[in-house]
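Novice: Quick one, what's the 3D model for this:
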Amino acid sequence: MPSQAPLALITGGAGDLAQAIRRELENQGWQVHAPGREEMDVTDKTQVQAVMAALPRLDLLVHNAGFLRDAMLTKMTENDFQDVLEVHLKGAFLAAQAALKIMVKQRQGHIVNIGSFSALSGPAGQGNYAAAKAGLIALTQSLAAEYGPRNIRANCVLPGFLETKMSRPLLTKHRPKIEAAHALGRLNTVEDAARFITFLHTMEHVSGQVFQLDSRIRKWT
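Specialist: Here you go, the predicted structure:
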């Protein structure tokens, strides 16, 4: 670990999970940049590169930017599909690409992509979101394979159904059903997810992995 405070950048910085990660990292002595969409639109390559280029170093990138635009497939517009992929998947690509320019020079770094259980379950009404998050897992593993020899790690964290602004409308409508799908009958919290991500960064020999943080049980296939 460098002598100066380590530095992290969290995309989608205005979100509830991003703010929880920020607080946890800062409590551990990190410098944290958490730009919102107004400061860094992850779908805009120029903006992403400009923000990254201004950093003195980068030890941890957390790609957290995301949103929902759920609809059944026959009612989903092309824009609904494309816009979700742009933020979740293209955004991860652009952010990682810019971050790697810094991390390769440092010969160290860690990229954490925030995934979703939807990537594994493919729920009805989330064809765009599930496809984007499934692609994000593959992108994470590819990054880990490509840049492991340069001491750069990449992992994907599926934090679970959290009490956030993004998920609140679904929880308002379907909370009993959502909780019933969890073996423990309860949801994860943004604070626990943030603690896990902070701890994961300290595990210097772990890369290319997918971590599910709730109690939904998926079958082996």
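Novice: Figure out how far the host helix or strand of Ala119 is from the centre of its chain.
Specialist: Assessed by DSSP states H and E, Ala119 sits inside helix 118-121. Helix 118-121 sits 15 Å away from the centroid of its parent chain (Cα atoms, centre = their mean, to the nearest Å).
Novice: Could you pull out the strands in this structure for me?
Specialist: For the chain, the strands defined by DSSP state E occupy 7-10, 31-33, 60-63, 109-114, 152-158, 210-212.
Novice: Neighbours of Pro56, how many?
Specialist: Burial of Pro56 is recorded as 8 neighbouring residues (other Cβ atoms under 10 Å). In short, each C-beta sits where N, CA and C put it, glycine included.
Novice: and the closest residue to it other than its chain neighbours, what does it touch?
Specialist: Spatial nearest neighbour of Pro56, chain neighbours left out: Leu7 (7.1 Å); criterion: Cβ to Cβ, 6 or more residues apart in numbering. By Cβ atoms under 8 Å, 6 or more residues apart in numbering, the contact set of Leu7 is Trp30, Gln31, Val32, His33, Leu55, Pro56, Arg57, Leu58, Asp59, Leu60.
Novice: now swap in Pro159 and tell me
Specialist: Contacts of Pro159 by Cβ under 8 Å, 6+ apart are Leu17, Ile114, Asn188, Val190, Ala193, Phe196, Leu213, Asp214.
Novice: isn't the fourth one right up against Ala18?
Specialist: Right, Val190. No: applying Cβ atoms under 8 Å as the test, Val190 and Ala18 come out as separate, 9.0 Å apart.
Novice: follow-up on the earlier one: in CSV, list the strands of the chain along with mean pLDDT and distance to Gly135.
Specialist: Listed next are the strands of the chain as CSV, based on pLDDT from 0 to 100; distance: least, Cβ to Cβ, whole Å:
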stretch, mean pLDDT, distance to Gly135
strand 7-10, 98, 20
strand 31-33, 97, 25
strand 60-63, 98, 12
strand 109-114, 98, 10
strand 152-158, 98, 11
strand 210-212, 96, 13
